[in-house]
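> Provided below for reference: sequence and predicted model.
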Amino acid sequence: MPKVQFIDPGVARKSGEIKFKPIPVNQYSKSIQEEKNNFSNDDLIRIYHDMVVIREFETMLNLIKTTGEYSGVPYDHPGPAHLSIGQEASAVGMAYTLTVEDFIFGSHRSHGEILAKGLSSIQKLDDVDLMKIMETFFDGTILKIVQKDFKGSVKDLGRRFLIYGTLAEIFARETGFNKGLGGSMHAFFTPFGVYPNNAIVGGSGDIAVGAALYKKVNRKKGVVVANIGDASMACGPVWEGISFATMDQFTQLWDDGMKGGLPVIFNVMNNQYGMGGQTAGETMGYGMAARIGAGVNPDQMHAERVDGYNPLAVIDAYKRKLKIIADKKGPVLLEVLTYRFSGHSPSDASSYRSKEEVEAWQNQDCIHTYAKNLVEAGVTDQLKLDGIWQEIKALMVDLLKVSIDDVVSPRMDIRKRPEQIGEMIFSNTPTETMEERPVEVNHAMAENARVIQLAKKERFAYDAEGKPFSKMKQYQLRDGIFEAIIDRFYKDPTLIAYGEENRDWGGAFAVYRGLTEALPYHRLFNSPISEASIVGTSIGYAMCGGRVIPEIMYCDFLGRCGDEVFNQLPKWQAMSGNVLKMPVVLRVSVGSKYGAQHSQDWTSLVAHIPGLKVVFPVTPYDAKGLMNSALQGTDPVVFFESQRVYDIGEQFHAGGVPEGYYEIPIGEPDVKRAGKDVTILTIGATLYRALDAAKILEEKYGLSAEVIDARSLVPFNYELVIESVKKTGRILISGDATSRGSFLNDLARNITELAFDYLDAPPVVVGSRNWITPAYELEEAFFPQAGWFLDAIHEKIVPLAGYVAGENFTDMEQIRRAKLGI
Amino acid sequence: MSKNYDLAIIGGGPAGYVAAERAGHKGLKVVLIEKGELGGVCLNEGCIPTKTLLYSAKLYDNAIGAEKYGVQAREVTFDFGKMMARKEKVVKKLVGGVGLKMKEHHVEVRRKEAYIKGRSAAGISITAGEEEILAANLLICTGSEAFVPPIPGLGSPNETILTNREILQLKELPSSLVVIGGGVIGMEFASFFNSLGTKVTIVEMLDEILTGMDSEMSVMMRQMYAKKGITFHLSAKVVEVNGTEVIFEKEGKKESVTGDKILVSVGRKPVTKGFGLENLGVELDRGGIKVDERMKTNVPNVFAAGDVTGFSLLAHTASREGEVVVNNLTGRNDRMRYNAIPGVVYTNPEFSGVGLTEEKAKEQNIAYKCVKLPMAYVGRFIAENEGGSGVCKVLVGEKYGEVLGVHMLGNPSSEMIYGACMAIEMEMTLKEMEEVVFPHPTVSEIFKETIFGF
């Protein structure tokens, strides 16, 4: 909602029509003879070579999966193999023009793309750089294996390195590109510009856009290619990625040096099937995927369908499309028509298509047709081509033997180092800035209006007499978050932040007020209402080496970025074998007054997923300290905030919130009130209701409650809580999440196990009811209230004299509700 | 203006008045609301009146059989009216005694209909007649009533059709009595009337009387009473009642028996209606109020004890349940246990049991060992039971030898069985039991002798 742009009703309401340009379809028609000026004979033969590498690689896997051997070498591979036999020309054509700086992202069917891009990069790298990559990657582990007894050229060594690294990865060997933790559907190798392939259909549709954003914002060379399937065009995140990539602001609002479209090509590898469904004619309505470009932006995304059966047609398209990107006119949508001979996976009997159809496409096999054309054009002869194929086959047999040799290519020795995978879940590497270069800001931090304003605020909520300052005077929780974030913006040039209202508006709940003035557009901007792309692009941005703060407003919108938060953000550090880092701080705000779809605390859902750090500070001191820690780290942190307490002042930390930088370690709970008779452990803003309860317990019933604020969910240090339980023998655990399946139960279980001998009563969970969140006026019946703590203590821990319980915590009711599922 | 209490109790039976007494003793402010007489079914129309009558019958039996002991009693007769009058006197005395206990422990008693209005943050609102009562906690002990099954012709109790309540009000001795249901209540009345010369017939649907007790002893008991003149129809399902005629189906054939009076004693059902229980949202289970081990219902601050819960249906269970409520209310963590609840049939001879029967142990796959001895094994029994017989059976766990169940047929087993209750409650083993000294000569020694049989 930039004020600089005026929405003129006179213009907006004018009648007219939208005009479309024709979208080219398979227009390439040159013969090899005609292309001889553009390609040397070696180039043309290398295209053949690269296609055959893919064909043989995939054939090898197919035979291993279906017959248990390849060329007499027996092997059992229980894992997946989604093969692309038939699609070789599309992969090689896509990769041929790309440089090492260009990144590709892919799908579950991306072996061919890994090999094609790898071979292309090897060809373009000079020998010194290539050797350096191989020598430094995993300290030369892979190089040593493929170098043994090999006497050939550095480029051939590079090819061995590529094929072996990919194969070993597919076979889950520790010597694979990702230590065997990625596997067939995820393997990648960033030094060759091969970025993560994604087992979730369409998963790369937004992540790749984030990579392009990284290149643009950080002025890095290269384009990003999102290799996605024809069927993925129906996936929300793909559409969201496309929408994000084509935002007008890139060309209309960003600073002059930054103006221009995102350098991303959506490369639709159209093999015409999505699982058992035929995209054109059955499961989609687009006829041709390229049509979609016409609906996205006036450039129609420069959409085009090319014949992916002809590598030269694809190369031709790429040459033209890369020019568009170079002219800052991206993004581009390219549909590359192809066909997979193999099934979805080796277990697929292809019952959904006719033998005749497969044969018809096989008769036009991209490799054989291309070979025939080469021979006809006099580039080479069949004997030579057959020789190349035989050499590749021999290479495959050789590398297969090496990659399945348990001595040379072992799997992770989990028995020897049982925590090896655990150690990869987080990178835990404090890093002040992701890159050393000057930050781009609009003014000195000291000149920032909000910074100036904050200097006048009271950093502790109470005066010397214990009287609270007025809300206006108090330094609030939102200020703590702001201070940590603006501080990092002035330290880390890669740091960017975006969400649906981050610029001009001032961010949800006024956290970002003042940032718009401080930062240029490309560091703080508004995104589409599209949580999948907000989080998905952040993942791509971070993968490439940038730090980012995506913000999705309400917690309830987490469902809208479910795959991104549950499958992508948490997993790539470990799935990469710790090659990638993920410095993403996802800000999520928990509501309270807006009913069933704007008031849910979903911390538990996030805490359930391995690979995410989860924090939920509710005091200004904790919010600033934890945000500092989150931004100093390289791990994904889901940073929960509560709308109940954005305006709360600091009531606990003596001396108030420090002006300078400090960190609160993630995972350390904090005693907010000392006591001796009962412990109350809270997550989130429930803290303040627990403190109210503690007061009543003390005054009316003589029970002294110790109140502990969890502050973090993942990781979590139980030691402090157990010490408290040893003292009190009783504990209540509370938060605003609906009780069933919530993290509160996790805490209760661990405390039970760890402090069983010290407990005089079972740990009691005081969570929200398993209902929809009702209207604000009815929330007292839904969220834990101060009285609920007393009710639960009275019913389950120790009877309070003459006490009449409000909320029902009886065992019988617990059983009854569970029986009804409410 | 309503009055505030720590605990309100609805129902003054063995659950309610015992809980009131205990709670009052511990300093709680208690109100007990009872629409009838204090003491409940037990005192007014159950345990106490029947035991009083049974004692009269036993005296009569003993007088007739005195000769065996060298005592001659000639022209032994009885006066039914006087027996009934004495029963009234005993009941009145005990009911009065309960009232005194309530006073002693500062329990306020309201002899009024109770009605629960609802529950709020302030407490539970109840009315006792016109009076408004507000209590922090509520204990419901509304008890049970005789269950009259929907058999054609049975209808509601009348001149002929009687339940435990009406039969205790008879003015004249019936010449014949048909008892439908050979459980504890049925057997006790059968025994009483049989002693006094009434022609008694028992019609039982199951294949044995007193199911739930040790089945071997139930058979012995039936055989003893058959000798005394009671007719038993087992596996006999009553299908119709026609005036004084009870028609039943036995092995596929219809038979009938007539009696001046017909006693219906097939079971009892909890009283959960008529006092506003529905205003609390209390969960019911098979007709009774559902409670947990601490006698808490599903509604905070609301408890239930006694027959209204629908399972044990024994006065002494009810009292203990009431005590569990008070213990939990006053900070003592107490859980109700049902594994050592004794059951006694006050027939002549008495039949007592506690803990697992062999049938139950088998059903629950509990590995046990069992020893039984005839009562005649101990001198005191022979001395006092000329020609009488009886048996004692002890079950212990196979692995640890802990006492699981004790069953006795013979007098005065009702006074001895508590020893077995203690053994089970304290989880005593054979070894520990062997070290207990029993007084000699007493019939109770049969327990120790049986223990040494292992």
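Yes, it's here.

> give the contact list for residue B:137.
A:804, B:6-8, B:124, B:301-303, B:329 (Cβ atoms under 8 Å, 6 or more residues apart in numbering or on different chains). Glycine gets a C-beta too; all of them are placed from N, C-alpha and C.

> what about the residue of the stretch 501-650 of chain A at minimum distance from chain B, how many neighbours?
When distances are taken as Cβ to the nearest Cβ, the stretch 501-650 of chain A reaches nearest to chain B at residue A:592, 22.6 Å away. Residue A:592: 20 surrounding residues under other Cβ atoms under 10 Å in any protein chain shown.

> and if you look at residue B:362?
Per other Cβ under 10 Å, the neighbour tally for residue B:362 reads 11.

> Check the gap between residue A:405 and chain B for me.
56 Å (Cβ to the nearest Cβ, to the nearest Å).

> and that residue, backbone torsions?
Dihedral pair for residue A:405: phi -80, psi 110, per degrees, to the nearest 10.

> what separates it from residue A:604, distance-wise?
In this view, residue A:405 and residue A:604 are 45 Å apart by Cβ to Cβ, to the nearest Å.

> Would you mind telling me which of the two has more residues around it?
Comparing residue A:405 with residue A:604 by neighbour count (other Cβ under 10 Å), the higher total belongs to residue A:604, at 22 against 13.

> Just list the residues touching the most centrally placed residue in chain B, thanks.
Centroid-nearest residue in chain B, with Cα atoms, centre = their mean: residue B:314, separated by 4.1 Å. Counting by Cβ under 8 Å, 6+ apart, residue B:314 touches B:341, B:343.

> Same question for the one 3 residues further on.
Under the criterion of Cβ under 8 Å, 6+ apart, the contact partners of residue B:317 comprise B:306, B:338, B:341.

> rerun at 10 Å
With contact taken as Cβ atoms under 10 Å, 6 or more residues apart in numbering or on different chains, residue B:317 is in contact with B:14-15, B:305-307, B:309, B:311, B:336, B:338, B:341-343.

> Can you tell me the element it falls in?
Here residue B:317 sits within helix B:315-329, counting by DSSP states H and E.

> Can you tell me which of the contacts of residue B:137 end up in strands?
B:6-8, B:124, B:302-303 (DSSP state E).

> could you flag which of the contacts of residue B:317 are buried?
Buried by 16 or more other Cβ atoms under 10 Å in any protein chain shown: B:14-15, B:305-307, B:309, B:336, B:341-343, out of the contacts of residue B:317.

> What pLDDT is listed against residue A:1?
Note for residue A:1: predicted pLDDT of 49.

> Just the buried positions in the lengthiest helix in chain A, please.
Counting by DSSP state H, the longest helix found in chain A is helix A:41-67. Buried positions in helix A:41-67, judged by neighbour count with 16+ other Cβ under 10 Å: A:44-65.

> Let me know the average pLDDT across it.
Average pLDDT, helix A:41-67: 97.

> and it, how far out from the chain's middle?
Put simply, helix A:41-67 sits 31 Å off its chain's centre (Cα atoms, centre = their mean, to the nearest Å).

> these two touch, right, residue B:305 and residue B:329?
No. Residue B:305 lies out of contact with residue B:329 (Cβ atoms under 10 Å); the separation is 11.8 Å.

> okay, and the common contacts of these two?
The contact sets of residue B:305 and residue B:329 overlap at B:19, B:139 (Cβ under 10 Å, 6+ apart).

> how deep is the residue in the stretch 151-300 of chain A that chain B sits nearest to tucked in, by neighbour count?
As assessed by Cβ to the nearest Cβ, chain B sits closest to residue A:236 within the stretch 151-300 of chain A, at 43.7 Å. Residue A:236 has 18 neighbouring residues, counting by other Cβ under 10 Å.

> Outline the domain layout of chain A.
According to automatic domain parsing, chain A comprises the domains A:41-408, A:445-642, A:670-820.

> Next, the distance between the ends of the last one.
Across domain A:670-820, the terminal residues are separated by 37 Å (Cα to Cα, to the nearest Å).

> So, low pLDDT: which residues of the stretch 51-200 of chain B?
Within the stretch 51-200 of chain B, no range satisfies pLDDT under 70.

> what about the strands in it?
Taking DSSP state E, counting those that start in this stretch to define them, one finds strands in the stretch 51-200 of chain B at B:107-110, B:114-120, B:123-128, B:131-140, B:144-146, B:161-162, B:176-180, B:199-203.

> Roughly how far does residue A:625 sit from residue A:584?
Separation of residue A:625 from residue A:584 (Cβ to Cβ) stands at 19 Å.

> now do residue A:371
Residue A:371 is 46 Å from residue A:584, by Cβ to Cβ.

> Same drill for those two, tell me which one is more crowded.
Looking at residue A:371 and residue A:584 with other Cβ under 10 Å, you find the greater number of neighbours at residue A:584, namely 27 against 22.

> That one against residue A:544, yeah?
No. Contact between residue A:584 and residue A:544 fails when scored by Cβ under 10 Å: they sit 11.9 Å apart.

> okay, and the common contacts of these two?
Common neighbours of residue A:584 and residue A:544 (Cβ under 10 Å, 6+ apart) are residue A:210.

> how would you label the residue in the stretch 51-200 of chain A positioned nearest to chain B: helix, strand or coil?
Here the residue of the stretch 51-200 of chain A nearest chain B is residue A:78; by Cβ to the nearest Cβ that distance is 42.7 Å. Under the three-state scheme (DSSP: H, G, I helix; E, B strand; the rest coil), residue A:78 adopts coil.

> chain center to the lengthiest helix in chain B, what's the gap?
For chain B, the helix with the greatest residue count under DSSP H is helix B:80-104. Distance of helix B:80-104 from its chain centroid, counting by Cα atoms, centre = their mean, is 18 Å.

> residues of that helix that come out buried?
By neighbour count on 16+ other Cβ under 10 Å, the buried set for helix B:80-104 is B:83-84, B:86-87, B:90-91, B:94-95, B:98-99, B:101-102.

> And the residues you listed, which is closest to chain A?
residue B:102 (21.0 Å).

> and that closest one, how far is that from residue B:33?
Taking Cβ to Cβ, one finds residue B:102 at 12 Å from residue B:33.

> shared neighbours of the two, which are they?
Jointly contacting residue B:102 and residue B:33 under the rule Cβ under 10 Å, 6+ apart are B:12, B:108-109.

> which one among those residues gets closest to chain A?
residue B:108 (16.4 Å).

> Any idea what the residue nearest to that closest one when sequence neighbours are not counted is bridged to?
Computed as Cβ to Cβ, 6 or more residues apart in numbering or on different chains, the closest residue to residue B:108 that is not its neighbour in sequence is residue B:31, at 4.6 Å. Assessed by DSSP bridges, residue B:31 has beta-bridge partners residue B:8, residue B:108.

> what comes up buried for stretch B:406-419?
B:406-414, B:416-419.

> out of those, who's nearest chain A?
Lowest distance from chain A to the buried residues of stretch B:406-419 (Cβ to the nearest Cβ) belongs to residue B:418, with 30.5 Å.

> if I read this right, residue A:748 contacts residue A:718, doesn't it?
No. If you go by Cβ under 10 Å, residue A:748 and residue A:718 don't touch, sitting 11.7 Å apart.

> Please say which of these two ends up with more neighbours.
A count of neighbours by other Cβ under 10 Å puts residue A:748 above the other of residue A:748 and residue A:718, at 19 against 15.
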